[in-house]
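Engineer: Here is my input, please return the structure:
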Amino acid sequence: MSRRQQTVAARTTGLLFAALVALHLLALAAHLDGAHHLTKPALMPALALHAAARGAPRSLIAALLFGCGGDTLLQLDDRAAFLAGMASFAAGHVCYLVLLYTS
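Structural biologist: Numbering: from 1, shown residues only. So this is what the prediction gives:
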């Protein structure tokens, strides 16, 4: 990917993330639970795309995607899903530790 393509990709994914953040905040403010449940798990993959477009380390991208898994699973009203969501967040934190110790 050329430098120009990387810049365009970073701007595009940054705008996508910003738009999702705005939609998420509006959904929260307007008490639109359905929209909130759709936008919350979409935030971390959008941020991971942006990080990847900017050349972020793989451990950061993995951590963000594990955060998405946790956000998604915690929306389910089930004990097993809760435990799996917590495990997903824990795996993400391990990725953050890897990032800190390898940087």
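
Engineer: can you tell me which helix or strand the residue most central in space within the chain belongs to?
Structural biologist: Geometric centre of the chain, nearest residue: M44, 0.9 Å, by C-alpha atoms, centre = their mean. Element membership of M44, judged by DSSP states H and E, is helix 33-53.

Engineer: Tell me the helices and strands packed up against that helix.
Structural biologist: Using 3 or more C-beta pairs under 8 Å, 6 or more residues apart in numbering; DSSP states H and E as the contact criterion, the elements in contact with helix 33-53 are helix 3-29, helix 58-74. The C-beta positions use only the backbone N, C-alpha and C, and glycine is treated the same way.

Engineer: Save those helices as TSV, and put in mean neighbour count too.
Structural biologist: Below are these laid out as TSV (neighbours: other C-beta atoms under 10 Å):
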stretch	mean neighbour count
helix 3-29	14
helix 58-74	20
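
Engineer: could I get those as JSON lines with mean pLDDT?
Structural biologist: Putting those into JSON lines (pLDDT from 0 to 100) gives the following:
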{"stretch": "helix 3-29", "mean pLDDT": "94"}
{"stretch": "helix 58-74", "mean pLDDT": "96"}
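
Engineer: what's the closest of those to T102?
Structural biologist: Among the helices and strands packed on helix 33-53, helix 58-74 comes nearest to T102, with 7.0 Å by C-beta to C-beta.

Engineer: Just the residues contacting that closest one, thanks.
Structural biologist: 40-41, 43-45, 47-48, 51-52, 81-82, 84-86, 88-89, 91-93, 95-96, 98-99, 102 (C-beta atoms under 8 Å, 6 or more residues apart in numbering).

Engineer: Can you flag the buried ones in those?
Structural biologist: Buried members of the contacts of helix 58-74, counted by 16 or more other C-beta atoms under 10 Å: 40-41, 43-45, 47-48, 51-52, 84-85, 88-89, 91-92, 95-96, 98-99.

Engineer: measure H31 to S59 for me?
Structural biologist: Distance, H31 to S59, using C-beta to C-beta, to the nearest Å: 36 Å.
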